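Participant: Using only what follows, build the 3D model:
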Amino acid sequence: MIKWKSKLLLAALAIGGTSYIGASLWAHSTGMNGLTNKNGGDGCTCHGGKSSAVTVSINGPETLEPGATGSYSVTIAGGPLAKAGTDIAASAGTLTPGSGMKTQSGDITHTSPKAVSGGVVTYDFMYTAPATAGDVTLFATGNSVNGNGNSTGDQWNHAPNKVIAVKQGTDVNEQGQPEGFSLKQNYPNPFNPSTTLSFEIPVAGKVQIYLRDIQGRTIRMLVDQVVAAGEFSRNFDFSDLPSGNYLYTLAYNGKTQSRMMSLVK
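Facilitator: Next comes the predicted model:
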């Protein structure tokens with residue numbers, strides 16, 4: 001990120017500020033990218049100084065199957081915290097913005113600073129692991145702003161990097177039977193209005209498949225029954241839903257797998 005020498009420009013470029021000095025400068029209140037440790041750790045230099053009073057955390061699963069999608073969030077607390085913004089990046093895989101966020105140059109960032117709720121600011125998002133196994137890292141930086149229209153008194157900090165192990169399930173039960181299971185990517189994807197969901201389980205058991213929006217809220221239960229071992233496919237019609245990204249999750253034997261699908265009308 002450019003470290004502006006002019007204090008006037010520094011204030012006008014504040015991510016969470018309310019300055020009206022030029023439309024192009026005001027546009028930066030709608031988020032910026034390249035501020036995380038992935039990009040060298042410069043951080044939100046247009047928001048005062050880095051401060052340990054601001055805590056930023058990345059929350060979500062620590063393991064994912066290759067190609068699977070998980071629900072994650074970044075939480076910002078401390079500092080002046082009238083509002084807060086964030087920049088989130090990944091070493092590999094795909095980030096999908098949640099409510100109040102957008103994709104920008106590979107990162108995801110806020111569309112406008114978010115107000116405090118319950119003493120913190122939380123940004124929800126989805127992360128889809130790459131197709132190959134290995135460790136990947138999520139990065140995040142958050143600012144805590146006082147909303148006075150300039151950078152005076154604002155603070156920011158980096159989140160501890162979150163390492164996610166991308167690996168196939170290889171657990172074995174007491175009978176020596178594999179406990180791994182597999183949720184396939186829906187086909188076609190994107191789709192309109194119907195698509196096929198497929199999964200495979202190694203032993204008979206209770207299976208649930210439920211549909212969620214990108215904020216993680218359950219929309220409906222698609223499957224809720226005992227299923228024999230094997231691979232199964234079923235076509236679902238989603239013509240009553242609006243266009244958008246949705247998360248479908250398979251729950252089996254105390255574990256879950258999720259993937260993202262896109263309805264385009």
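Participant: contacts and neighbour counts: CA atoms only from here.
Facilitator: OK.
Participant: Of all residues in the protein, which one is nearest the centre?
Facilitator: residue 125 (2.4 Å; Cα atoms, centre = their mean).
Participant: So that residue is in contact with residue 94, correct?
Facilitator: No: the criterion here is Cα atoms under 8 Å, and residue 125 misses it with residue 94 at 10.6 Å.
Participant: mind checking the end-to-end distance for stretch 56-75?
Facilitator: One end of stretch 56-75 to the other measures 6 Å (Cα to Cα, to the nearest Å).
Participant: got the buried residues for it?
Facilitator: Buried residues in stretch 56-75, defined by neighbour count with 16 or more other Cα atoms under 10 Å: 56-58, 60, 63-75.
Participant: try stretch 209-221
Facilitator: By 16+ other Cα under 10 Å, the buried positions in stretch 209-221 come out as 209, 210, 211, 212, 213, 214, 215, 216.
Participant: Quick check: residue 94 vs residue 202, distance?
Facilitator: 29 Å.
Participant: got the end-to-end distance for stretch 164-183?
Facilitator: Start-to-end span of stretch 164-183 (Cα to Cα) is 19 Å.
Participant: pLDDT on it, on average?
Facilitator: Confidence for stretch 164-183, expressed as mean pLDDT, is 63.
Participant: Please apply the same query to stretch 192-199.
Facilitator: The model assigns stretch 192-199 a mean pLDDT of 94.
Participant: now swap in stretch 101-116 and tell me
Facilitator: The average of the pLDDT scores along stretch 101-116 is 92.
Participant: ok, residues contacting that stretch?
Facilitator: For stretch 101-116, the surrounding residues in contact (Cα atoms under 8 Å, 6 or more residues apart in numbering) are 15-16, 29-34, 81-90, 95-97, 100, 121, 123.
Participant: are any of the residues you listed buried, and which?
Facilitator: Buried among these (16+ other Cα under 10 Å): 15-16, 29-34, 81-90, 95-97, 121, 123.
Participant: Paired strands for the longest strand along the chain, with orientation please.
Facilitator: Ranked by residue count, the top strand of the chain under DSSP state E comes out as strand 134-145. Counting by DSSP bridges, the strands paired with strand 134-145 are strand 83-90 (antiparallel), strand 155-158 (antiparallel), strand 162-166 (antiparallel).
Participant: what about the helices in the stretch 1-150 of the chain?
Facilitator: Counting by DSSP state H, counting those that start in this stretch, the segments of the stretch 1-150 of the chain that form helices are 7-12, 23-26.
Participant: re the thing from before, could you give me the average pLDDT of the longest strand of the chain?
Facilitator: For strand 134-145, mean pLDDT is 94.
Participant: And stretch 252-259, by the same measure?
Facilitator: 86.
Participant: which residues are contacting that stretch?
Facilitator: 64-65, 67-70, 128, 179, 181-185, 205-208, 247-251.
Participant: Just the C-alphas of that stretch, formatted as CSV.
Facilitator: Output of stretch 252-259 as CSV, limited to C-alpha atoms (Å, rounded to 0.1, in the frame of the first residue of the first chain):
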residue,chain,number,x,y,z
TYR,A,252,-22.5,-38.0,8.3
ASN,A,253,-21.0,-40.0,11.2
GLY,A,254,-20.4,-36.8,13.3
LYS,A,255,-18.5,-35.0,10.5
THR,A,256,-19.4,-32.6,7.8
GLN,A,257,-18.3,-31.6,4.3
SER,A,258,-19.5,-28.5,2.4
ARG,A,259,-19.2,-27.2,-1.2
